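1. Prediction below, plus the sequence it came from.
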Amino acid sequence: ALGACDIALLIFDASEPLGADTKVTAELIHDLYKGCVLVANKWDLVKGVSQEAYSKNLFQYFKFLSHYPICYISAIKGKNLEKPLDLAVLVYESFKKRATTNELNTMLKKIENSRAWPRAIRLKYIVQTVTEPPSFAVFIKGKKMLTGSNMSYLENQIAKHLSLTGVRIRLSIRETEAR
């Protein structure tokens, strides 16, 4: 069923530790590049923990979930039941978003000029190849020096600059010819 969907609502019992089946499903959603809304059900049973603290703890242990929005509901009490669908619409808009090449290249220059980006790796240009999920080809000089943390930073900055919510982007990194 996950293979056929664009956006998944991952509903779990917030009053219990995350079960193994929920973890496996979350990893599958992530690995398949699906949009996702995390839905913490039974929030009315959680005592002494703020939503902010709960989210922080959840994302600390499951870093790969941190780009998905989370909402807190109580199905039995009928609290916040519209929130997951509202967020799913927002995530779907991000999933289908198309950015102009000009917008992307302006953003890429800002990323390259940031203090966090290594000077030895030159970001030349970027194009969006497809949507659903948003996918980009980034042309760089110095690909061999690119680390996993550089890739994560680039992914996070692209998602931030384009206001992408609840979707994982695909990046294809291509080496440009030396000039």
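-> Nice, I can see it.
2. Give the burial count for Lys77, as a bare number.
-> By other Cβ atoms under 10 Å, the residues close to Lys77 number 12. Where you see a C-beta, it was placed from the backbone N, CA and C, and this is true even at glycine.
3. mind checking the SS state of it?
-> Judged by DSSP: H, G, I helix; E, B strand; the rest coil, the three-state class of Lys77 is coil.
4. In terms of pLDDT, where does the closest residue to it other than its chain neighbours sit?
-> Setting aside the residues directly before and after it, Lys77 is nearest to Asp44 in space (Cβ to Cβ, 6 or more residues apart in numbering), at 5.4 Å. Looking at Asp44, its pLDDT reads 97.
5. I'd say Asp44 and Ala75 touch.
-> No - the criterion here is Cβ atoms under 8 Å, and Asp44 misses it with Ala75 at 9.5 Å.
6. if I look at the residue nearest to Lys77, how far off is Thr106?
-> Asp44 is 46 Å from Thr106, where distance means Cβ to Cβ, to the nearest Å.
7. which of the two has more neighbours?
-> Asp44 (15 against 12).
8. Show the contacting residues for the more buried one.
-> By Cβ atoms under 8 Å, 6 or more residues apart in numbering, the contact list for Asp44 reads 74, 76-77, 79.
9. Most neighbours among those residues, which one is it?
-> Ser74 (17 neighbours).
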